[in-house]
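A.B. asks: I need the structure of the sequence given here:
(4 chains)
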Protein chains: 2
Amino acid sequence: MEQSSNIEEQDLSLKLFVVLSRAMESITKRVEEDIRRYGLNPTEFAVLELLYHKGDQPIQKIGTKVLLASSSITYVVDKLEKKSFIERKPCPRDRRVTYAVITNEGTELMNEIFPKHKEAIQDIFAGLNNSEKDELIKQLKKLGLYAEEL
Amino acid sequence: MEQSSNIEEQDLSLKLFVVLSRAMESITKRVEEDIRRYGLNPTEFAVLELLYHKGDQPIQKIGTKVLLASSSITYVVDKLEKKSFIERKPCPRDRRVTYAVITNEGTELMNEIFPKHKEAIQDIFAGLNNSEKDELIKQLKKLGLYAEEL
DNA sequence: TTCATTAATCTCGAATTCGAGATAATTATA
DNA sequence: TATAATTATCTCGAATTCGAGATTAATGAA
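C.D. replies: From the prediction side, this is the model:
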């Protein structure tokens, strides 16, 4: 009896995991389609958005915020720099540090595409009304925090 | 007024997207940790689990179920075959087709690790009670279906 | 001050995934 | 039947990410 209810609980959790994964797949696919329209990949967009909204960042800080290994950050920053959307600027106080700085071109790009991106997200999530979204945010936060702290 | 409420809605959707992405990151990290304990990566596990639970599959069918390009399936099947967990078996009726078939070794592995995997998932999702999970499943399905059909 | 530790960035090679195109077999059509 | 279109699998090269280790700089302790 204890046993069987544990099994049922496990099945429910597994089902939630499957449904969550599938939903994420569908949503990610749409969001990526949107981002690629702007000639960026999701990582490039995330880095550019960080600099756009949060200002200049030491390269290593970027890694902690977008969850990338330092070697991957080097790669992405190289690409964005080649596209002239960001620049590297050495830190005068600490010569180990290099800042990633968004250029005018990068800012102009984001001025143009970020509103479109928000609209796309809005469309993708239009299957729920506002109070359902509020509720979902609350539950997902609970879930995420719990998993993070395991 | 119409304008401002649209903006708020967009912000809410964006927030939901961010929270969903973060939750998924945390959960995925834990699930991957679990799977790597068994000497598999997530894709290998997914393929093996498919064959374990659904029986032999034409290689191309695997791709549609675990959402991988055909070239990626070839790669994963090669790896699982090298590890002796699956075998390729030509289809006698259609010589274009090759079946992926789980071996005794593969079945024994899954007999051992799948219950552990379910426990791990159970632990990861223990931040919610059963009725919250039910509710979350319902909303995520709605969201996923909507995004899929866009 | 000198030496050890810590920190930031980069290089390199491996792993994984994809898309385009090749090959071979089957099915549909004229 | 001969030809065209479709299907299944694979090969190959590019893109992305990672981890380990190298380099350089800053900081802390003796």
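A.B. asks: for the residue of chain A found nearest DNA strand D, grab the count of nearby residues.
C.D. replies: Evaluated by C-beta to the nearest atom of the strand, chain A has residue A:71 as its residue closest to DNA strand D, separated by 2.7 Å. (C-beta placed from N, C-alpha, C; glycine too.) Per other C-beta atoms under 10 Å in any protein chain shown, the neighbour tally for residue A:71 reads 8.
A.B. asks: now do residue A:137
C.D. replies: A total of 18 residues lie near residue A:137 under the criterion other C-beta under 10 Å.
A.B. asks: what does chain A put close to DNA strand C?
C.D. replies: By the rule C-beta under 7 Å from any atom of the strand, the part of chain A lying against DNA strand C is A:58-61, A:70-71, A:73-74, A:77, A:88, A:94, A:96-99.
A.B. asks: kindly recompute the last result at 6 Å.
C.D. replies: Neighbours of DNA strand C within chain A, by C-beta under 6 Å from any atom of the strand: A:58-60, A:70-71, A:74, A:77, A:88, A:96-98.
A.B. asks: in a markdown table: the residues you listed, plus pLDDT.
C.D. replies: Output for the residues of chain A next to DNA strand C, formatted as a markdown table (pLDDT from 0 to 100):
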| residue | pLDDT |
| --- | --- |
| A:58 | 98 |
| A:59 | 97 |
| A:60 | 97 |
| A:70 | 97 |
| A:71 | 98 |
| A:74 | 98 |
| A:77 | 98 |
| A:88 | 98 |
| A:96 | 97 |
| A:97 | 98 |
| A:98 | 98 |
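A.B. asks: report the angle between the strand or helix carrying residue A:19 and helix B:2-37.
C.D. replies: Element membership for residue A:19 (DSSP states H and E) is helix A:2-37. On the basis of axes from the mean of the first three to the mean of the last three C-alpha atoms, to 10 degrees, helix A:2-37 is oriented at 120 degrees to helix B:2-37.
A.B. asks: is it true that residue A:146 touches residue B:126?
C.D. replies: Yes - in this structure, residue A:146 sits in contact with residue B:126. The criterion is C-beta atoms under 8 Å, and the distance is 6.8 Å.
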